[in-house]
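> just coords:
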């Protein structure tokens, strides 16, 4: 929207221009159109190039190396490369006469001693246009210096009144606009507040519902916690009973273990005694067997000797082939035969006693083995109970 020439005069980017224009617009928002135009003209008339019309001129007919500027203040001579600062200026109040002849234009100052400035334009039309602009600006300058007539004064007074009326109207409109904007802002604030209150009420209702739900959940949790507490108390009581039972069981197990160990020691002692006794009995049995063997051998020798004696003393008895040693005992011919029979009876009794002791020994051994098996089974059962008690604890 800005002229390229204006953009080149300031070292600003497009974003910086946009930011500044937005800030200026926000600052001057609400100003009336005619007031804004007047403010614009007041700012623009202070610029160096305001109201200046530039024309290329030359001080001779061959070269165009200068610029002629005409504005409400006077005539100015510029160089080609600088349109802001004039090299020479002629104010309307210091100009006595301006003449135009084809392409030549002459400026005569009031000071007769001053130099007359002559220049040439490229075309006759341009020269005439410069001359007409000079006449028009000079006439305006002279009018500003004259006293206004009554009609003009009335027109200016009417214009001032109209301006004052418009200003009051604009102020009234501005106040109404401000009041309307304040009312709209108040309305928006009330609507926002109403919406906020509704939102707060809705949130309060939701919070109340959540609180009720939370209270119900807490009641349920309290009931569940109470039931769990009862269950835990019951479990604790059962666990305490189980612990006491296990302690009692452990004590019983220890006592039973101690008793079993004592029984085992006793059984081991009994076993050692039985082994010793069996060894002693075995030795006695061996001695008895040896004695029995010796007795039988002595009996055999005695019988043989008795037979030899009988044959020598009673030769007629040799005729009887039916004679046997048993017959001689049964007959009881003499004291020797009676002694022999008695010795035979002792041997039989001794054999019977030996056999009876052997049978008693076998019976005791069998009972002892049964007792040892029972003790082993009880010890195994106690070990299993100890392992189970260790797992429960």
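Received it, and whenever you're ready, just let me know what you need. Everything numeric here is computed off the predicted structure, so don't read it as measured data.
> quick one: what helix or strand has residue 134 in it?
When elements are defined using DSSP states H and E, residue 134 is found to belong to helix 124-145.
> show me what the mean pLDDT comes to for the helix or strand just after that helix.
Beyond helix 124-145 in the direction of the C-terminus, DSSP H and E gives the next helix or strand as helix 150-313. pLDDT averaged over helix 150-313 equals 82, rounded to a whole number.
> again with stretch 116-135
Confidence for stretch 116-135, expressed as mean pLDDT, is 83.
> again, but for stretch 35-50
Computed over stretch 35-50, the mean pLDDT rounds to 81.
> can you check stretch 359-376 too?
Mean pLDDT, taken over the full extent of stretch 359-376, equals 76.
> hang on, the earlier thing: neighbouring contacts of the helix holding residue 134?
53, 55, 68, 70-72, 74-75, 92-93, 95, 98, 100, 102-105, 121 (Cβ atoms under 8 Å, 6 or more residues apart in numbering). Glycine gets a C-beta too; all of them are placed from N, C-alpha and C.
> from those residues, which ones fall inside helices?
Applying DSSP state H to the contacts of helix 124-145, no entry is found in helices.
> from those, which would you call buried?
By the neighbour-count criterion of 16 or more other Cβ atoms under 10 Å, the contacts of helix 124-145 include these buried positions: 55, 68, 70-71, 74-75, 92, 95, 98, 100, 103, 105, 121.
> which among those residues gets closest to residue 176?
When the buried ones among the contacts of helix 124-145 are compared for distance to residue 176 (Cβ to Cβ), residue 71 comes out closest, at 41.9 Å.
> pLDDT value on the closest one, please?
You'll see residue 71 listed with a pLDDT of 85.
> and it, what does it touch?
With contact set as Cβ under 8 Å, 6+ apart, residue 71 has these partners: 50, 51, 52, 53, 137.
> this protein - how does it break down into domains?
By the assignment in automatic domain parsing, the chain contains the domains 1-30, 35-146, 250-392.
> residue 135 and residue 110, how far apart?
Here the distance between residue 135 and residue 110 works out to 17 Å (Cβ to Cβ, to the nearest Å).
> likewise residue 93?
According to Cβ to Cβ, residue 93 and residue 110 sit 8 Å apart.
> neighbours around residue 133, how many?
Burial measure for residue 133: 16 neighbouring residues, criterion other Cβ atoms under 10 Å.
> ugh, wrong one, I meant residue 165
Around residue 165 there are 10 other residues, counting by other Cβ under 10 Å.
> tell me how far it lies from residue 173.
On the measure of Cβ to Cβ, residue 165 and residue 173 end up 12 Å apart.
> can you tell me the closest non-neighbouring residue to residue 177?
Distance criterion Cβ to Cβ, 6 or more residues apart in numbering; nearest residue to residue 177, sequence neighbours excluded, is residue 30 at 7.0 Å.
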